[in-house]
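Asker: Fold the following and give me the result.
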Amino acid sequence: GKTCNLCIPNPGQDKCHVTTSCTTTPFGAMCGCRPGYKARGASVDISIHWRLKVVGHEHRVFVKPGMECNERCVGAASCAEISI
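Answerer: Numbers count the residues shown, from 1 in each chain. Below is the predicted model:
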């Protein structure tokens with residue numbers, strides 16, 4: 001991941017939108033949407049949202065800090081329409 005897409009996993013410093021949480025991944029801390037949710041926008045646009053090929057995180061959608069995740073995924077459990 002690019003450093004501009006990372007968050008700081010400290011309360012008050014993460015800059016993640018309230019609909020996301022700063023989640024530690026093998027690629028650094030990223031703002032993760034709640035399971036079954038994604039950001040508004042084209043599903044194939046990885047500058048808006050993406051998934052990681054990491055065990056335990058495959059179903060999560062990640063976004064840039066400050067981006068809102070309030071749109072339900074088509075495949076609600078897996079968000080498979082979002083690119084890995």
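Asker: Can you report phi and psi for the spatially most central residue of the chain?
Answerer: Centroid check for the chain by C-alpha atoms, centre = their mean gives residue 62 as the closest residue, at 1.2 Å. Here is the backbone geometry of residue 62 (degrees, to the nearest 10): phi -110, psi 150.
Asker: pLDDT score assigned to it?
Answerer: Residue 62 carries a pLDDT value of 94.
Asker: Excluding covalently adjacent residues, which one is nearest to it?
Answerer: Nearest residue to residue 62, sequence neighbours excluded (C-beta to C-beta, 6 or more residues apart in numbering): residue 30, at 4.4 Å. Using the backbone N, CA and C atoms, a C-beta is placed for each residue, glycine as well.
Asker: For whatever helix or strand that neighbour lives in, buried residues please.
Answerer: In this structure, residue 30 sits in strand 28-33 according to DSSP states H and E. For strand 28-33, the neighbour count (16 or more other C-beta atoms under 10 Å) marks 29-33 as buried.
Asker: Past it, which element shows up next along the chain?
Answerer: strand 37-38.
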